[in-house]
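[1] Pasting a predicted model and its sequence here:
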Amino acid sequence: MGSPVSRPVSSKVLSTLCFILSGFVVGLTSMSSVAAPERVGDFALLDEQGVFHQLSRYQHREAVVLLAYDSNCPAARDAAATLANLQSQFDDRIEFLALDINAMDRATQQDWHLSFPILADELKLVAEGLQISQAGEVLVFNPERLSLHYRGGAGQALQENLNSILSGKSAAPSGSEVKGCPIAYDSATAPVPDYSTEVAPIIVEHCSICHREDGAGPFAFNGHYSLVGWSAMVREVIMNKRMPPMQVDPAYAATPSAHFLSAEKRQKIMHWMQAGAPRGNGAVDPLAEVPLEKTFDWQLGAPDFVIDTPKNVIPAVGILDYMYTELALPFTEDKWVRALQFSPGEERVIHNLSAFIVPAESDFWGEEREALTSERRFLGSFVPGENPATVFPEGTGVLIPAGHKLVLQFHYYSHGRVLEDSTAIGLYFHDAAPAREIVTRPVSAKFTLVPNDNEQALLASYEFEEKATLLAVRPRMNQRGKHMKFDLVAPGGETETLVSVPAYNYGWQPQYWLETPRSIEPGTVMNVAGAFDNSLSNPFNPDFREEVEWGFGSGEEMFTGYMTYAIER
């Protein structure tokens, strides 16, 4: 089959196609004159408390009300007061939100004392996509259909629209006049971003590591034409924050394991698509220059020892449960690992891989099967993407005691055809025992999830009894996981949030290494707080009508925070 890049396509056809795909809001612009609902694109933002809000994940509500808010606009402040009164009338059947078009800092937003969450809209990306023209404008969404019930002011027409929604009447979408404060958008005056020098380099830097031929991504960006073809998907996953994966709340400690796409870069992509995704005059297409195959090199040179795992056969289709492998190690004396790197055999089918060092008589889960916390020797984990070598801090290492074995947990995705994976692990050893040992401690909770509950909160805690240096954390839940964060509480009571994962995604949870390790004094407490979403609003939920038990199978649920730290032996 010929490559689609080689087929000539006129710039006019491409521009027309992109214009159709690029509408974040599709359909009508004057709701009062037509009965068809205005379709909208999904979007997601964090609020002033760091809580994640996604329009499509409010299907447990009958409607979502969104106010375009500017604290300097009297009409917006008046509308907020009106919405606060309405909010008290509709209990939990309707969700009320404010869209801060100026994306002020959280302390400022909290000082406004609004009665509903305030979503920070960086560079007005959501407001522009929703075609909001004034601060003080109110939109009412149908979160299930991703359409609009209402667009207008916060007056009597809004009240009537909400009453109609709750009464079950299938009334036509409505609207009213807005007397607010005009909103100016950069796209009105800024030049169209250039594909070759501005847009494509963003895709190369943030996306191509997975979205290449036979990569972990489900499709490849191998040229301008392919980016045009996938533009609707690109827009969706950027606006609802599914991509880049492994995002954490940027308000807290920095971690190199997290991936971000800045608001400026997101805006460039959106404005380029909005303008028809022009190819521009650049002679070189940066996406076409990305090598088709991802090559692997041992980053630190030849390992001291290579573990070759047995071949796993991955079927073409189906939902796959965990595969476990136990490997005897030949070491007759203690070994200290200073670094390691995974060499994946078939990266495109690997969901994740975890490796532990355990006594000969133990299994993968060890003491975790019974204890809510235990000390474990976690060698490392692999998730698709950049795959750099893991180099432990100077003077530390993971101990492999003589006679211990390696246990591996593989989780695979099916890929449409039968594939085989034989992953290798390269180990690099210390010449002599380091001063401190790296261990990993799971902190867990046992529970039963009730059906149709969109926010079942859990907390697990551990108090350190000895000095330590905290290096990394890792959240672990399954499909119903919603969010998790790690709070370090000093003996004096001072609390620091280290890492917060506001939108937990089962498919993308690595070990989050702290950019700045934390010194731990005895008496310090780690609180692992989070929640599950066992409702129809969770797109990953197999069945929101089920009661779900705690357990280690992929069909069960777990709530575990892993802490990796160094201690003196």
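    On my side now, so go ahead.

[2] doesn't S164 fall inside a helix?
    Yes. Counting by DSSP: H, G, I helix; E, B strand; the rest coil, S164 is found in a helix.

[3] neighbours of it, just the number please.
    Using other Cβ atoms under 10 Å, S164 has 16 neighbouring residues. Backbone N, C-alpha and C define where each C-beta goes, glycine included.

[4] and if you look at the one 5 residues further on?
    Using other Cβ under 10 Å as the criterion, K169 is surrounded by 8 other residues.

[5] likewise K405?
    Residues within reach of K405, counting by other Cβ under 10 Å, total 18.

[6] what do you get for P401?
    For P401, the neighbour count with other Cβ under 10 Å is 14.

[7] And P491, by the same measure?
    Using other Cβ under 10 Å as the criterion, P491 is surrounded by 12 other residues.

[8] Help me confirm that it comes into contact with E521.
    Yes. The criterion here is Cβ atoms under 8 Å, and P491 meets it with E521 at 6.0 Å.

[9] Quick check: which element contains H271?
    H271 belongs to helix 263-274 when assigned by DSSP states H and E.

[10] and that helix, what's its mean pLDDT?
    Averaged over helix 263-274, pLDDT sits at 96.

[11] Show me how far stretch 445-463 is from its chain's centre.
    Its chain's C-alpha centre and that of stretch 445-463 lie 20 Å apart, by Cα atoms, centre = their mean, to the nearest Å.

[12] where does the chain have low pLDDT?
    Along the chain, segments meeting pLDDT under 70 span 1-36, 170-171.

[13] residue boundaries of the helices in it?
    All helices of the chain, identified by DSSP state H, fall at 11-21, 74-89, 106-111, 125-129, 156-167, 200-206, 224-229, 231-239, 263-274.

[14] could those helices go into JSON lines alongside distance to L399?
    Rendered in JSON lines, the data for the helices of the chain read as follows (distance: least, Cβ to Cβ, whole Å):
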{"stretch": "helix 11-21", "distance to L399": "54"}
{"stretch": "helix 74-89", "distance to L399": "56"}
{"stretch": "helix 106-111", "distance to L399": "42"}
{"stretch": "helix 125-129", "distance to L399": "48"}
{"stretch": "helix 156-167", "distance to L399": "61"}
{"stretch": "helix 200-206", "distance to L399": "37"}
{"stretch": "helix 224-229", "distance to L399": "47"}
{"stretch": "helix 231-239", "distance to L399": "41"}
{"stretch": "helix 263-274", "distance to L399": "42"}
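
[15] Which of these sits closest to D431?
    helix 200-206 (37.6 Å; Cβ to Cβ).

[16] Okay, domains of this protein per the record?
    What automatic domain parsing lists as the domains of the chain is 35-184, 189-274, 296-434, 438-569.

[17] Tell me which residue of the chain is furthest from the middle?
    Relative to the C-alpha centroid of the chain, counting by Cα atoms, centre = their mean, T332 is the outermost residue, at 42.7 Å.

[18] That one - nearest residue in space that isn't next to it in sequence?
    Excluding the flanking residues, the one nearest T332 by Cβ to Cβ, 6 or more residues apart in numbering is A402, at 5.6 Å.

[19] now N312
    Nearest one to N312, counting by Cβ to Cβ, 6+ apart, is D421 at 4.9 Å.

[20] Check P182 too.
    Leaving aside its sequence neighbours, P182 sits nearest to Q134 (Cβ to Cβ, 6+ apart; 5.7 Å).

[21] Next, the contact list for that neighbour, please.
    A68, A75, V178, K179, G180, C181, P182, I183 (Cβ atoms under 8 Å, 6 or more residues apart in numbering).

[22] you'd agree the fourth one is up against E137?
    Okay, so that is K179. No. Contact criterion Cβ under 8 Å: K179 and E137 do not qualify, at 9.9 Å.

[23] Who has more neighbours out of those two?
    In this view K179 and E137 are compared by other Cβ under 10 Å, and E137 has more residues nearby, 27 against 14.

[24] was I right about that one contacting A68?
    Yes. The pair formed by E137 and A68 meets the contact definition of Cβ under 8 Å, at 4.7 Å.

[25] Quick check: neighbours shared by these two?
    G180.

[26] picking that back up, just the buried ones from the contacts of Q134, in ChimeraX syntax?
    To isolate the buried members of the contacts of Q134 in ChimeraX, using 16 or more other Cβ atoms under 10 Å:
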select :68,75,178,180,181,183
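
[27] so which two of the contacts of Q134 are the farthest from each other?
    Across the contacts of Q134, the longest distance by Cβ to Cβ is 13.8 Å; it joins K179 and I183.

[28] now the domains of the chain as JSON lines including distance to G280?
    JSON lines is the format used below for the domains of the chain (distance: least, Cβ to Cβ, whole Å):
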{"stretch": "domain 35-184", "distance to G280": "22"}
{"stretch": "domain 189-274", "distance to G280": "4"}
{"stretch": "domain 296-434", "distance to G280": "28"}
{"stretch": "domain 438-569", "distance to G280": "32"}
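
[29] which one of those lies closest to P286?
    domain 189-274 (4.0 Å).

[30] Report how many residues lie close to G129.
    G129, neighbours per other Cβ under 10 Å, totals 20.

[31] you'd agree it is up against M239?
    Yes. Contact criterion Cβ under 8 Å: G129 and M239 qualify, at 6.8 Å.

[32] Going by neighbour count, list what's buried in stretch 253-266.
    So stretch 253-266, judged by 16+ other Cβ under 10 Å, has buried residues A253, T255, S257, A258, H259, L261, K265, R266.

[33] swap that for stretch 537-556, sorry
    In terms of neighbour count (16+ other Cβ under 10 Å), stretch 537-556 has its buried residues at S537, N538, N541, F544, V548, S554.

[34] what separates the second one from T560, distance-wise?
    Think N538. In this view, N538 and T560 are 19 Å apart by Cβ to Cβ, to the nearest Å.

[35] Would you confirm that T448 contacts W550?
    Yes. Taking Cβ under 8 Å as the definition, T448 is a contact partner of W550 at 7.0 Å.

[36] Mutual contacts of the two, please.
    With Cβ under 8 Å, 6+ apart, T448 and W550 have no common neighbours.

[37] State the distance from Y412 to Y428.
    Separation of Y412 from Y428 (Cβ to Cβ): 27 Å.

[38] for stretch 473-480, how far is the first residue from the last?
    Distance between the two ends of stretch 473-480: 20 Å, counting by Cα to Cα, to the nearest Å.

[39] Any chance you could list what contacts that stretch?
    Stretch 473-480 is contacted by residues 381, 442, 449, 481, 484, 486, 498-499, 501, 504, 506, 509-512, 514, 528, 530, 532-534, 538, 540-542, 548, 554, 556-564 when judged by Cβ under 8 Å, 6+ apart.

[40] among these, which are in strands?
    When DSSP state E defines the strands, the subset of the contacts of stretch 473-480 inside them is 381, 442, 449, 481, 484, 486, 498-499, 501, 512, 514, 528, 530, 532-534, 548, 559-564.
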